[in-house]
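Engineer: I would like to see how this sequence folds:
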Amino acid sequence: MQVDVRLNAIVDPERAGGHDLADLARLCAEGGATLVQLRDKLSATRAMVEEARAIKQALAPFAVPFVVNDRIDVALAAGADGVHLGQDDMAIADARALLGRGAIIGLSVKTVAQAEAAPVALIDYVGSGGVYGTLSKQQKNAPIGPEGLARIVSVLWRRAPKLPVCGIAGIDASNAAAVIAAGADGVAVISALSLAPDPAAAARALRDIVDAMLAKRGT
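Structural biologist: Numbering: from 1, shown residues only. Below is the predicted model:
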């Protein structure tokens, strides 16, 4: 399955800018998000399933795929399209066995070593970073910058030429072009959408930047 990662909108209750998450997801999709991810480190499981179901329903008119960060149980219960997993989450092979071939599975890759070790035959896309500094999560490592992202992308391209990669962390309209120039196929964004006065307009602006850079690259 070829996942369109041009604009991966991540909705998170900790950085929602006062928005209801389902409404925020809808606004992002209206503005051109091509993938939506729920990232919730706080909610109890039952509340998170309800939240995920509401987001899935809000996205239905747009045919935008919806994945849940970390929580395979929540993704299954809510009927999400898949999951996004980190290096310390369930092993990709186990997640694939539970979710089946039709589900989307994304993987976070932060280093060249992780890019070399990633089970590329079992995943549908990669989120790579942190490219820049961010307030949306605790960063244990220094940002890798576009140069570090380019190194990771080149490893992934060698191993799986068609695997989509989106840059993540600290990305907004001022630096998204550099992320695509580094070889990414898209950007994953939280605050630049949720904290914008008009999330749909912010999504549209980001999507325009990404599309223009991809066109320039001939992708």
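
Engineer: any idea which element R158 lies in?
Structural biologist: Assigned by DSSP states H and E, R158 belongs to helix 145-159.

Engineer: what does that helix rub up against?
Structural biologist: By Cβ atoms under 8 Å, 6 or more residues apart in numbering, the residues outside helix 145-159 that reach it are 109-112, 114-116, 118, 120, 126, 128-129, 131-132, 144, 163, 165, 167, 178-179, 181-184. All C-beta spots, glycine's among them, are computed from the backbone N, C-alpha and C.

Engineer: count of residues packed around D89?
Structural biologist: 17 (other Cβ atoms under 10 Å).

Engineer: how about L107?
Structural biologist: Using other Cβ under 10 Å, the number of residues around L107 comes to 25.

Engineer: cool, P13 as well?
Structural biologist: For P13, the tally of surrounding residues (other Cβ under 10 Å) stands at 19.

Engineer: ditto for E116
Structural biologist: Using other Cβ under 10 Å, E116 has 14 neighbouring residues.

Engineer: any idea how far P199 lies from R158?
Structural biologist: Going from P199 to R158 by Cβ to Cβ, to the nearest Å gives 36 Å.

Engineer: for S174, same thing?
Structural biologist: S174 is 30 Å from R158, by Cβ to Cβ.

Engineer: show me where this protein has its strands.
Structural biologist: 7-11, 35-38, 66-69, 82-85, 104-109, 125-129, 165-168, 186-189 (DSSP state E).
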